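In: okay, predicted coordinates and the sequence, questions at the end:
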Amino acid sequence: MSKKSVLVTGGAGYIGSHVVRQLGEAGERVVTLDNLSTGFADAVLYGDLIEGNTGDQERVNQILNDYNVDTVLHFAAHTIVPESVSNPLKYYGNNTCNSRSLLECCQNHGVKNFIFSSTAAVYGMPKDGLAKEDTPLAPINAYGTSKLMTEWMLRDLSAASELNYVALRYFNVAGSDPESRIGQSTPNATLLIKVACEAAVGKREQIYIFGTDYATPDGTGIRDYIHVEDLADAHLKALDYLRKGGESTIVNCGYSHGYSVREVLEMVEQVNGKPLKIIEQDRRPGDPPSLVANTDKIRKLFNWTPRYDDLEAITRSSLNWEKKLLERG
Ligand code: UD1
């Protein structure tokens, strides 16, 4: 195979599958490696899907060789924050050790470009609720720490080798493919928009607000929600940047403004045309009152302009996907 390929680990998962679709549409040769523990084979709309673990060096070496891979996008990870607190070694094993193993294969094969799914969880609880890339890093759970350790490995490896990387720190991702071919299918979801849409279509009886006494305008937590289509596009922009010789870097992915839990739930009710059964509860441990990205860097460096910076559009696409899941049974 002479044409270079892009390897996507976790390409059968929620965000990975949207990136695979956009890469495929852009004419890239894509190969996905996914162990299908939380991903779905039918979510991979372009290229080959190879079932396997990121930590399986024999398998990874073979893919890097067979497909002539010059770029790796690394999504495969565990992502449930509370689980990372109760079972930290699961997170350090899959998110940190397997990333190290993958990086070793990349180094041995001379992979040039590496794009890494990092998270806003590396910031922990910034004082004013605003996170810039140089805001001090202070993760408060093993999920955030496991991702930060991979950022550090990338920093050191890129300084010592030819590999260049972009780490994308995702804020709160929601929404789905405009044609509802793929979306977030994770069972036992905990993320607000997903859970609220499940309640809207009747999969859940009610939705809980975790904390109504925060020092925010309406007392509920504020987050920076980004549409998965804009986030996927940020990966393609990162790829373009690296291919043009861009230096290794880290960028926030969000919209630079947030919505409260109440605003999100009101939007779900409005788009769905029905009230939700909302129950107010105590704060969830470990939740910052507000977490919003400063996104000046990604906009300037990658010339990235979001197309779906609109809570209604995000909510509508999440709800459409939830309805589709319900039809499928
Ligand atoms: C998510 C990410 C985390 C990232 C953060 C960035 C995952 C698993 N977590 O966490 O990695 O650092 O975004 O901001 O991807 N809420 C309710 N009721 C619910 C669910 C949530 O009131 O049923 C509230 C929460 O208290 C919080 C807000 O909604 O105020 C968002 O919570 P959630 O969707 O769980 O995301 P984060 O905890 O922000």
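Out: Right, received. Where do you want to start? Residues are numbered from 1 along each chain as shown.
In: show me the strands in the stretch 51-200 of the chain, by range?
Out: In the stretch 51-200 of the chain, the strands defined using DSSP state E, counting those that start in this stretch lie at 69-74, 113-119, 130-131, 164-170, 172-174.
In: other residues contacting the shortest one?
Out: For strand 130-131, the surrounding residues in contact (Cβ atoms under 8 Å, 6 or more residues apart in numbering) are 120, 123, 169, 252, 290, 291, 292, 293, 294. Every residue, glycine included, has its C-beta placed from N, CA and C.
In: find the residue closest to residue 316 in space, skipping its chain neighbours.
Out: residue 271 (5.3 Å; Cβ to Cβ, 6 or more residues apart in numbering).
In: ok, that neighbour - contacts?
Out: Residue 271 touches 312, 315, 316, 319, counting by Cβ under 8 Å, 6+ apart.
In: ok, residue 12 next?
Out: Residue 12 touches 32, 34, 36, 39, 40, 41, 43, 44, 49, counting by Cβ under 8 Å, 6+ apart.
In: now do residue 282
Out: Neighbouring residues of residue 282 by Cβ under 8 Å, 6+ apart: 210, 211.
In: next: residue 198.
Out: 189, 204, 322.
In: what are the buried residues along the one helix or strand the residue nearest to residue 316 maps to?
Out: Here residue 271, judged by DSSP states H and E, is contained in helix 261-272. For helix 261-272, the neighbour count (16 or more other Cβ atoms under 10 Å) marks 261, 262, 263, 264, 265, 266, 267, 268, 269, 271, 272 as buried.
In: for the spatially closest residue to residue 3 that is not a sequence neighbour, give me its contacts.
Out: Leaving aside its sequence neighbours, residue 3 sits nearest to residue 29 (Cβ to Cβ, 6+ apart; 5.4 Å). Going by Cβ under 8 Å, 6+ apart, residue 29 touches 1, 3, 4, 5, 6, 47, 67.
In: dump the residue contacts of residue 319.
Out: By Cβ under 8 Å, 6+ apart, residue 319 lies in contact with 197, 200, 201, 268, 271, 272.
In: from the ligand, how far off is the second one?
Out: Okay, so that is residue 200. 13 Å (Cβ to the nearest ligand atom, to the nearest Å).
In: then the third one?
Out: In this structure, residue 201 lies at 15 Å from the ligand, with Cβ to the nearest ligand atom as the measure.
In: show me which residues of the stretch 201-329 of the chain sit near the ligand.
Out: 207, 208, 209, 210, 211, 221, 223, 261, 284, 287, 291 (Cβ under 6 Å from any ligand atom).
In: is the last one in contact with residue 216, as I believe?
Out: No. Look at residue 291 against residue 216 with Cβ atoms under 8 Å: they stay out of range, at 11.2 Å.
In: so among the contacts of residue 271, which ones count as buried?
Out: Counted by 16+ other Cβ under 10 Å, the contacts of residue 271 give 315, 316, 319 as buried.
In: mind listing what the first one touches?
Out: Which is residue 315. 174, 193, 197, 264, 267, 268, 271.
In: from those, which is closest to residue 61?
Out: Within the contacts of residue 315, proximity to residue 61 (Cβ to Cβ) peaks at residue 174, which comes in at 36.0 Å.
In: closest to residue 280 out of the strands of the stretch 51-200 of the chain?
Out: strand 172-174 (20.4 Å).
In: okay, now the sheet partners of the closest one, with direction.
Out: Next to strand 172-174 in the sheet, as set by DSSP bridges, lie strand 225-227 (parallel).
In: got the contact list for the partner strand?
Out: 170-175, 193, 253-255, 258-259, 264, 306-309, 311, 313-314, 317.
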